Structures are given as C-alpha cells and as structure tokens.
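Engineer: Everything below, folded, please.
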Amino acid sequence: MKFSFKLFEKVKNQAGATAVIVAIVLPMLIGFGALAVDVGYMCVTKNELQNVADAAALAATRKLGTIYQGMTHYAQQTYSCGDDDIGDIKDVANAVAHNNKAGGEHITVYDMTEGIEINEVEIGVWNLSNTPPFTPFTTAPYPQPDAVRVTAHRDNAANGPISTFFANIFGIDAVDVSADATAALLGQTTSEPGEIELPLGISTLAATPERCDKDIKFSPTKDACAGWNSFFVEPTSDQAVLTILEGMRDGTIESPATTAGVDKLEYNGGKLSTQTFNAILLLFKDRGYDVKVAYDDEGNEILVPVVTDAEGNPVTGHLGDIEGVVPLWLTDTDGNLILNPETNEKIPIYYPDDDVNQRNKHEWPTKVVVYYNEKDEPPDKCFNPQEPLLIVGYADILLTDVINKSIKGKLECEHVSDEDTRGGGGEYGTKGSIPCLVE
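Structural biologist: Model prediction:
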C-alpha cells in the first residue's frame, strides 16, 4: 500500500513537463515562424517585383508610343520594329527596372552581355478579340507592335533567388519569385481643345475594323451612323452647327476638351441649310484644303481640290481609281489629263508618302468623336438620336469630298495619335500614345 502511494506521488509530479511540451511543439513553432516571416517576405518581394514589372512595361510601351508619334499615318501602317527600335525599347524597360529594387536587389530584365543573357522584355500586339485558348498578347514578328510585356525575376536565372530566414532549418535556403506585366497602346480617351476641327461624330457601328479605309459619309439624314454634332452648344440645331463653324473659323470657339466614358456630346443629324453648308466649305479652305464646287459624271455636286501651275493658273483634279490612297489625277482647267512628259503616265495630284504638306492641301486629316447610342442595331442600323450621347473614344478621319451637302471621308485605323494622348479607350482607329496596363 505504501509502495502504491509513492508511485502515485511520482505520477502526479509535473516537474519538467514544460520542457517536454516545448520540445514537442518547437518544430511547429519554427514552422509557423517560417510561414509568417519567410512567406511574408516572399509576398512583399513579389509585390515589389510586380511594381518593377508594371513600371518597366509602361515605360517601354511609352517609348514605343513616341516612336509612332514621329511617323505619318501612312508610315505607321507599314512600320516593322527593327533591331534598333527593339534595343531602345528593351533598354528603356531595363533602365526603369534597374532603378527599382525587389528584396533589396536592383532588378535587371534585359542584359545580353555574354554570360548573363537576361531577356525578359517581349514586344508584341495586344488584341482583346483573341479569346481563350488564345492569349490577347502575341509576340514576334514585330509588324505594328502596340504592347510590351516585362517579367521581373528573383531566381537563379536572373537577379538571384531570395534567401529565407527560418525555412533553411528545413533545408529551404532560397525561394524563386517572379511577376509580369503587360502595357499596351489602347484607344485614345481624351482630346485637347482645338483637336476636333469639325463638329462631326460617328457611331461605334461606323468605327469598326471592317470599315478601315472605307468611305464614311457624314450625312444630314434622319438615319445615319455618322453626322453633325453641336458639342456644348444647345439646343441641337442647324443654327448651333453654324455657330460652331463660324466660331472655329474666327477662333472664338474650340472643340471642348473631353474624356471618353465621362463626357457626352449633343448630336444633330438633321438637315443642313445652304448657309451652314457654305460655312463648311469656307472652313475647308481655312484649313488649307483648296476646293471648288464641281460635278461628277452623275451630276452630283462634289468637292475637288484646286491647285495651280508654276504661273499660278488653276489646275483641277479628276476623279480616278488609283491603287492605294491617291484618288485624283492632275488635269488642266478643261478637264484634260496632264501626262508626265518623261513617262507619259498620269500624274497623281498629291504625294502622300513623299510630301505630307502637299497631301494635306488636298485632303483634310482630322479627328472626330466616337459616340455610343444604345438604340443602334448592329451591324449597321443606326438612328439619329435627339439626346446627349456618351463619348467612348476618338477616331482619325481623312476627309476627301463634299457631295450634296454631306462629307465623305475614310476611317484611318491602327493609328497612334501624334499628340501625348491618354490610352485606355475602345479600339476606334486612333490609339493613345500614353499606354495603360492591361495585364
């Protein structure tokens, strides 16, 4: 009995129990410490890498935008990113990345030095119409690129992996972390005062890739996908349009600065008076588009350029079907074609690739508002609304003719604005030169 009591006393004795418990749970505590500290540090480093990738992608795409800004519309259509431009774009991405740190280390995303060879900058095209399993971002080859993707690494291949604090107890000495970002030149979203030189607007149904380089008619009819707008002048009427045209001629009215997705415009597609139509002709002249009213073969009133020879005598253009963008042949005042004496070939009235200033005398490149009307029915059934319409973007139009009190033009697509304009709007032909992050 006495022995049993002593045994019971020993069992009840808890001296040293804490040490046993600590020994059992210590690996678990270290594991939690590793989870809290090492995983937390990994997440912080990944966020820093994401910031690096974002900044580098935006800077590189902005560089691409400035390259486009120095080109004519026509040059942009055939632009292919050569080795020099590729190197410049990637160098910009790397310079921005290297100015930032992730996990205490400056980050390199592009360095082709022998023995290093880091190339984590991709130049390509962003197209949301590519649906899974296709990615919106596609890379080489490089014709008309509009996006850059940058991947920032901390691993054995680039910049070294991040070291652990507690996980090395379990044999994990380092962890690989990476982040990527894609920036793109998207649809132009803002306009500055004076950018829009005519009170015109087109429906989203008229600003589609299928209509690129095809005629668009700004018609004073009831049902149209493009027509006149009165910007901020109310009420919407022929008189309001006339007031705007006269104000644009004498410099007292500029098109309002607007932002796609925020601002609205007053739309007026009604009939234009002769007085307003004449004001349009005068505005064409003021913008350097030398015109006179003539008639085509069907008797329709048409606007054609007027040029002069070396002695100042007027020489007119004759409508012709020329491959590319030249729609007029040189003629004398009687309408007879003037041939090149050396080649005996017809002479185009302007030279879009060789002399932009000469071309601009006979075609009026300008910008128009793209609006959304919920009543419009795809693919091409548009309605003339009588209420303010949401501005969703901007498009570049090459105005060519005026026929029966309506203006004809062509939608210039995949065109990067030659101004510092914000991107991020819908794809309506004109892209902003300042990029947005898309992925």
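
Engineer: By mean pLDDT, flag the weakest helix or strand of the protein.
Structural biologist: Sorted by mean pLDDT, DSSP states H and E, the helices and strands of the chain end with helix 356-362, the least confident at a mean of 48.

Engineer: Toward the C-terminus from that one, list the very next helix or strand.
Structural biologist: Next in sequence after helix 356-362, counting helices and strands by DSSP states H and E, comes strand 364-372.

Engineer: quick one: strands adjacent to that following strand?
Structural biologist: strand 200-203 (parallel), strand 389-403 (antiparallel) (DSSP bridges).

Engineer: what's the nearest residue to residue 54 if we skip its chain neighbours?
Structural biologist: residue 181 (4.5 Å; CB to CB, 6 or more residues apart in numbering). Glycine gets a C-beta too; all of them are placed from N, C-alpha and C.

Engineer: Can you name the residues bridging to the one you found?
Structural biologist: Applying DSSP bridges, one finds that residue 181 bridges with residue 150.

Engineer: I'd say it and residue 436 touch.
Structural biologist: No: between residue 181 and residue 436 there is no contact under CB atoms under 8 Å: 11.2 Å.

Engineer: So the two - more neighbours on which side?
Structural biologist: Set residue 181 next to residue 436 and count neighbours by other CB atoms under 10 Å: residue 181 wins out with 22 against 18.

Engineer: So what touches stretch 102-118?
Structural biologist: Around stretch 102-118, the neighbours that count as contacts under CB atoms under 8 Å, 6 or more residues apart in numbering are 41, 44-45, 48-49, 51-53, 56, 90-91, 93-94, 97-101, 119-121, 150-154, 157-160, 162, 177.

Engineer: just to revisit the earlier point, among the strands paired with strand 364-372, which is the most enclosed?
Structural biologist: The highest average neighbour count among the strands paired with strand 364-372, using mean count of other CB atoms under 10 Å, belongs to strand 200-203 at a mean of 26.

Engineer: re earlier: hey, least reliable of the strands paired with strand 364-372 by pLDDT?
Structural biologist: Ranked on mean pLDDT, the bottom entry among those is strand 389-403, at a mean of 82.

Engineer: picking that back up, in helices only, show me the contacts of stretch 102-118.
Structural biologist: Judged by DSSP state H, helices contain the following of the contacts of stretch 102-118: 41, 44-45, 48-49, 51-53, 56, 90-91, 93-94, 97-98.

Engineer: May I ask which two of those are separated the most?
Structural biologist: Farthest pair in the ones in helices among the contacts of stretch 102-118 (CB to CB) is 41 and 91. Separation: 30.7 Å.

Engineer: Give me the more crowded residue out of these two.
Structural biologist: For residue 41 and residue 91, the more surrounded residue by other CB under 10 Å is residue 41, and the numbers stand at 18 against 15.

Engineer: Would you mind listing the residues in contact with that one?
Structural biologist: Counting by CB under 8 Å, 6+ apart, residue 41 makes contact with 103, 162, 164, 165.

Engineer: which of those count as buried?
Structural biologist: 103, 162, 164 (16 or more other CB atoms under 10 Å).

Engineer: The last one - nearest residue in space that isn't next to it in sequence?
Structural biologist: By that I understand residue 164. In space, and not counting its chain neighbours, residue 164 is closest to residue 38: 4.7 Å by CB to CB, 6+ apart.

Engineer: phi, psi of that neighbour?
Structural biologist: Per-residue torsions, residue 38: phi -70, psi -40 (degrees, to the nearest 10).

Engineer: and it, how far is that from residue 341?
Structural biologist: 83 Å (CB to CB, to the nearest Å).

Engineer: hmm, back to that, which residues are in contact with the residue nearest to residue 54?
Structural biologist: Each residue near residue 181 by CB under 8 Å, 6+ apart is listed here: 50, 53, 54, 56, 57, 58, 149, 150, 437, 439.

Engineer: at 10 Å what do you get?
Structural biologist: 49-58, 148-152, 437-439 (CB atoms under 10 Å, 6 or more residues apart in numbering).

Engineer: Out of the residues you listed, which end up buried?
Structural biologist: 49-58, 148-152, 438.

Engineer: Out of those residues, which is nearest to residue 369?
Structural biologist: Nearest to residue 369 out of the buried ones among the contacts of residue 181 is residue 438 (CB to CB; 23.8 Å).

Engineer: is it true that the closest one touches residue 187?
Structural biologist: No: with contact defined as CB atoms under 10 Å, residue 438 does not count as touching residue 187 (11.8 Å).

Engineer: one step back: was I right about the residue nearest to residue 164 contacting residue 177?
Structural biologist: No: checked against CB under 10 Å, the pair residue 38 and residue 177 is beyond contact range at 11.4 Å.

Engineer: so what's in contact with these two at the same time?
Structural biologist: Taking CB under 10 Å, 6+ apart as the contact rule, the neighbours common to residue 38 and residue 177 are residue 162.

Engineer: Would you map the strands across the stretch 301-439 of the chain?
Structural biologist: 301-308, 314-319, 328-330, 364-372, 389-403, 406-412, 415-416, 430-431, 436-437 (DSSP state E, counting those that start in this stretch).

Engineer: how far is the last one from where the chain is centred?
Structural biologist: By that I understand strand 436-437. Put simply, strand 436-437 sits 10 Å off its chain's centre (CA atoms, centre = their mean, to the nearest Å).

Engineer: Give me the helices and strands touching it, please.
Structural biologist: helix 40-69, strand 177-184 (3 or more CB pairs under 10 Å, 6 or more residues apart in numbering; DSSP states H and E).

Engineer: Save those as TSV, and put in distance to residue 286 too.
Structural biologist: Formatted as TSV, the helices and strands packed on strand 436-437 follow (distance: least, CB to CB, whole Å):
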stretch	distance to residue 286
helix 40-69	26
strand 177-184	37
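
Engineer: As TSV, those with distance to residue 274 and mean pLDDT would be great.
Structural biologist: Output for those, formatted as TSV (distance: least, CB to CB, whole Å; pLDDT from 0 to 100):
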stretch	distance to residue 274	mean pLDDT
helix 40-69	40	92
strand 177-184	46	93
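
Engineer: Can you say which of the ones you listed is nearest to residue 238?
Structural biologist: Going by CB to CB, the one of the helices and strands packed on strand 436-437 nearest residue 238 is helix 40-69, 37.4 Å.
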